[in-house]
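Peer 1: Fold the stuff below for me.
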Amino acid sequence: MVDGAAELDQDVEIGPYSIIGAGVKIGKGTRIKSHVVIEGRTTLGEGNAVFQFASVGSVPQDLKYKGEPSELTIGNHNVIREYVSLNPGTAGGGMATRVGDHNLLMMCCHIAHDCILGNRNIVANGATLGGHVVIEDDVIVGGLVGIHQFVKVGSGAILGAGSMVSKDVPPFCNATGDRARLHGLNIEGLRRRGFERRKIDALRKAYRIIFKSKLKIKDALEKVRQEVTPSSEIESLVSFIANSQRGVCR
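Peer 2: This is a model prediction of the structure:
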């Protein structure tokens with residue numbers, strides 16, 4: 001059932017028993033399986049795949065939401081598996097939820113209102129992102145992970161299965177546990193992405209200074225800037241920690 005006000009581009013496929021509401025825009029080559037509901041001010045880019053029983057764009061699960069015309073924007077080439085739910089934004093969070101490109105959202109995961117996901121992230125089965133969560137790029141969120149509202153997860157991080165994450169997770173780090181603590185760097189993830197040995201060694205040195213030297217964070221970050229070979233990855237790590245609003249996992 002496709003509302004006459006919905007906008008479908010070329011080659012869009014809609015499976016049986018799916019419902020596409022007014023205000024929905026779907027880019028070319030996107031495939032919608034059966035029993036999917038897409039509603040609200042929702043935009044999907046090109047080449048996405050949405051599997052059966054997904055709920056995309058339904059009103060936020062936030063008691064403060066009063067029907068404001070907020071949006072959900074999904075980029076290109078994302079895979080949204082069975083029973084995934086994605087909600088649009090709210091007036092308290094910028095009015096928009098945004099998902100980038102080439103993300104894999106596995107079965108039963110939830111992307112709440114005002115979340116921002118970058119590119120090439122994997123959110124595994126049953127993981128839940130509370131409102132206003134930011135996930136940068138190339139992050140792996142393990143199964144059944146719970147992420148507290150307003151938490152930020154840096155690029156290249158990995159969250160171990162079942163973790164309860166209530167503090168920011170710096171880029172390239174491995175966070176696991178209840179409440180999640182850091183357990184070194186995501187070395188395997190760095191290797192898979194083709195990081196050179198020298199860059200990995202530099203990140204290891206920075207990690208040791210920041211989290212194992214017992215220096216105050218401000219002093220540790222200054223020492224990293226002085227003693228570790230500069231690179232975009234080191235600057236990303238240092239800047240993320242320096243600008244954290246919730247404080248980082250330790």
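Peer 1: Quick check: phi and psi on Ser236?
Peer 2: phi -60, psi -50 (degrees, to the nearest 10).
Peer 1: typed the wrong thing, it's Ile241
Peer 2: The phi/psi pair for Ile241 (degrees, to the nearest 10) is phi -70, psi -40.
Peer 1: Touching, it and Cys249? I think so.
Peer 2: No. Applying Cβ atoms under 8 Å as the test, Ile241 and Cys249 come out as separate, 10.4 Å apart. Yep, even glycine has a C-beta here, placed from its N, CA and C like the rest.
Peer 1: what residues do these two have in common as contacts?
Peer 2: Pro170 (Cβ atoms under 8 Å, 6 or more residues apart in numbering).
Peer 1: between those two, which one's more packed in?
Peer 2: Remark: of Ile241 and Cys249, Cys249 carries more neighbours, 27 against 22, as counted by other Cβ atoms under 10 Å.
Peer 1: Contacts only, for the nearest residue to that one once chain neighbours are set aside.
Peer 2: Distances taken as Cβ to Cβ, 6 or more residues apart in numbering place Lys167 nearest to Cys249, at 4.6 Å, with adjacent residues excluded. Contact analysis of Lys167 by Cβ under 8 Å, 6+ apart lists 151, 179-180, 246-250.
Peer 1: Which ones among those residues lie within strands?
Peer 2: Those of the contacts of Lys167 mapping onto strands are Ala180, per DSSP state E.
Peer 1: Quick check on the contacts of Lys167: which are buried?
Peer 2: Buried members of those, scored by 16 or more other Cβ atoms under 10 Å, are 151, 180, 248-249.
Peer 1: How is this protein divided into domains?
Peer 2: Split into domains by automatic domain parsing, the chain comes to 7-132, 190-242.
Peer 1: where does the chain dip in pLDDT?
Peer 2: Counting by pLDDT under 70, the chain contains no low-confidence residues.
Peer 1: switch to 90 and redo it
Peer 2: 10 (pLDDT under 90).
Peer 1: Can you show me the helices along it?
Peer 2: Secondary structure of the chain by DSSP state H: the helices cover 187-192, 197-212, 217-227, 232-242.
Peer 1: I'd guessed Ile116 sits against Val134; true?
Peer 2: Yes. Contact between Ile116 and Val134 holds when scored by Cβ under 8 Å: they sit 4.8 Å apart.
Peer 1: More neighbours: these two, which one.
Peer 2: Ile116 (21 against 18).
Peer 1: residues in contact with the more buried one?
Peer 2: Applying Cβ under 8 Å, 6+ apart, the residues near Ile116 are 97-98, 133-135.
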